[in-house]
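Visitor: With the sequence up front, the predicted model follows.
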Amino acid sequence: MGKLYIAKQKIYLANENVYGYELLFRDGTEGGEPFPSHIKATAHVIFNTLTNLNTDALLGKTGIAFINADEHFLTSGIIDMLDKKRFVIEILETISLDDKVIERIKTYHKRGYTIALDDFDCSVEMIKKFAGLLKYIHIVKVDVRTAEVENIDGVMKKLRSIGTRFLAEKVETRAEHEQYKAMGFDMFQGYYFHRPENVEIEGYKEVTHVIILQLIKLLKEDDETTRIETFIRQRADLTYKLIKFLNNQIAFETPVESITQVITLLGRDKLLRWLLVYLYAEISTNPASKSLLQLALNRAEKMEEEAHHKDKEKAYLAGMFSLLGAVFETNVKTLMNHVNMDREISRLVIDKKGKFAASLMKIEQSEKEYLKKLVMENFNILDTVELIYTLEYSGVSVDRNKL
């Protein structure tokens with residue numbers, strides 16, 4: 001058992017009523033550091049907001065939650081499980097914009113999600129960066145500490161015509177509030193109004209990776225509901241969290257009587273999304289975890305694309321599972337013994353053999369070519385000890401006399 005903390009800061013409308021909150025994950029009561037990966041931090045915020053906490057108690061019955069999103073979060077599929085009426089996707093100003101990210105932003109806009117842009121400084125550089133996306137942005141959060149007043153005024157005049165709303169963030173004094181209110185800002189956020197408050201999550205307890213992986217396997221294989229129910233019932237903590245998640249998602253009067261009822265009401269797709277968010281939230285805190293996760297997702301997508309239509313699901317799982325040992329920092333053979341996966345998936349993950357091996361080998365070669373280039377370009381700044389560890393771990397003998 002342990003504790004987690006979510007920091008929430010109020011966002012006010014011009015009439016001084018509370019519109020919503022920005023939510024951030026923290027690792028302590030004194031505004032501790034967030035996780036090193038935005039996707040991991042956001043996954044924790046979402047998972048604990050939707051599962052461990054009562055959403056109405058946290059946000060009020062009509063409150064809105066602003067959730068930070070970087071490029072990894074946008075392309076992870078996690079957003080699909082959010083209630084678009086209660087959550088605002090807040091795009092970080094540092095986001096890397098490629099075709100895939102841009103397409104996702106457009107897709108979520110089309111689906112009816114509210115999209116905000118964080119820390120907009122109204123500079124020429126930032127306007128250029130987001131020029132092609134501004135028509136898909138509903139709320140621009142202007143950083144009043146760095147933006148020039150003349151630039152703010154110009155941006156507001158231009159974007160008002162397409163219905164953009166503006167939020168003045170980092171407002172710290174009454175004079176600033178009056179100034180930006182007179183300029184026509186719709187919303188306000190900052191220490192003048194409300195300092196972030198920490199919400200403590202009591203009784204926080206993680207479910208093992210193996211349990212989650214087994215459930216994902218059953219759902220991906222479209223197994224019988226009764227079998228999924230039997231599996232979930234083996235873990236009281238998982239059952240409890242699922243029911244809490246359901247209660248926060250669906251308003252219904254009939255008490256929950258069975259896990260089958262939970263699966264039916266929630267739907268398999270949303271249950272799978274919930275488990276994937278949980279999986280994201282449990283990833284190791286080592287500095288390479290984000291890259292390893294993205295590498296696994298890339299492998300899964302490429303292997304699925306290359307596989308025969310009858311094997312696409314297996315190929316996807318094989319690609320995802322090919323890095324489980326590294327992601328979960330454990331012996332992959334031991335892990336796979338617990339999961340009891342399809343034989344071809346197990347052969348690939350443990351021995352790199354079987355029908356999917358050729359596809360994985362090709363992808364690994366492409367990865368190594370990129371990493372080789374990256375290592376050579378940055379060789380002078382790499383740590384000698386880390387290089388020795390890497391070589392020895394890979395079975396490459398180092399001549400001690402030449403060190």
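Guide: Great, that's in hand.

Visitor: same for the helix or strand hosting residue 295, what does it pack against?
Guide: Using DSSP states H and E, residue 295 sits within helix 289-306. Helix 289-306 is packed against helix 38-47, helix 71-74, helix 312-321, helix 324-328, helix 357-377, with contacts defined by 3 or more CB pairs under 8 Å, 6 or more residues apart in numbering; DSSP states H and E. (Each C-beta comes from the backbone N, C-alpha and C, glycine too.)

Visitor: now these in JSON lines, with mean pLDDT, mean neighbour count and distance to residue 305?
Guide: Converted to JSON lines, these look like this (pLDDT from 0 to 100; neighbours: other CB atoms under 10 Å; distance: least, CB to CB, whole Å):
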{"stretch": "helix 38-47", "mean pLDDT": "68", "mean neighbour count": "24", "distance to residue 305": "23"}
{"stretch": "helix 71-74", "mean pLDDT": "85", "mean neighbour count": "23", "distance to residue 305": "20"}
{"stretch": "helix 312-321", "mean pLDDT": "82", "mean neighbour count": "23", "distance to residue 305": "8"}
{"stretch": "helix 324-328", "mean pLDDT": "69", "mean neighbour count": "19", "distance to residue 305": "21"}
{"stretch": "helix 357-377", "mean pLDDT": "94", "mean neighbour count": "12", "distance to residue 305": "9"}
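
Visitor: These: which one's closest to residue 189?
Guide: Nearest to residue 189 among the helices and strands packed on helix 289-306 is helix 38-47; the distance by CB to CB comes to 16.8 Å.

Visitor: Compute the distance between residue 91 and residue 154, please.
Guide: Using CB to CB, to the nearest Å, we find residue 91 at a distance of 21 Å from residue 154.

Visitor: ok, these two, which is more surrounded?
Guide: residue 91 (27 against 13; other CB atoms under 10 Å).

Visitor: mind checking which of the helices and strands packed on helix 289-306 is nearest residue 294?
Guide: Per CB to CB, nearest to residue 294 of those: helix 71-74, 6.5 Å.

Visitor: rewinding a little: got the helices and strands packed on helix 289-306 as JSON lines, with distance to residue 160 columns?
Guide: Converted to JSON lines, the helices and strands packed on helix 289-306 look like this (distance: least, CB to CB, whole Å):
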{"stretch": "helix 38-47", "distance to residue 160": "30"}
{"stretch": "helix 71-74", "distance to residue 160": "26"}
{"stretch": "helix 312-321", "distance to residue 160": "45"}
{"stretch": "helix 324-328", "distance to residue 160": "46"}
{"stretch": "helix 357-377", "distance to residue 160": "44"}
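
Visitor: circling back: quick check: angle from the helix holding residue 295 to helix 357-377?
Guide: Helix 289-306 runs at 140 degrees relative to helix 357-377, counting by axes from the mean of the first three to the mean of the last three CA atoms, to 10 degrees.

Visitor: Off-centre distance for stretch 355-373?
Guide: Between the centre of stretch 355-373 and the centre of its chain there are 26 Å (CA atoms, centre = their mean, to the nearest Å).

Visitor: so residue 336 sits right up against residue 347, yeah?
Guide: No - with contact defined as CB atoms under 8 Å, residue 336 does not count as touching residue 347 (9.9 Å).

Visitor: before we move on, the earlier item: so which of the helices and strands packed on helix 289-306 gets nearest residue 169?
Guide: Of all the helices and strands packed on helix 289-306, helix 38-47 comes closest under CB to CB, at 17.8 Å.

Visitor: pLDDT on the strand or helix carrying residue 168, on average?
Guide: Using DSSP H and E, residue 168 maps to strand 165-169. Model confidence over strand 165-169 averages 96 on the pLDDT scale.

Visitor: With stretch 120-127 instead?
Guide: pLDDT averaged over stretch 120-127 gives 94.

Visitor: Compute the first-to-last residue distance for it.
Guide: End-to-end distance for stretch 120-127, by CA to CA, to the nearest Å: 9 Å.

Visitor: Tell me the buried residues in that stretch?
Guide: 120-122, 126-127 (16 or more other CB atoms under 10 Å).
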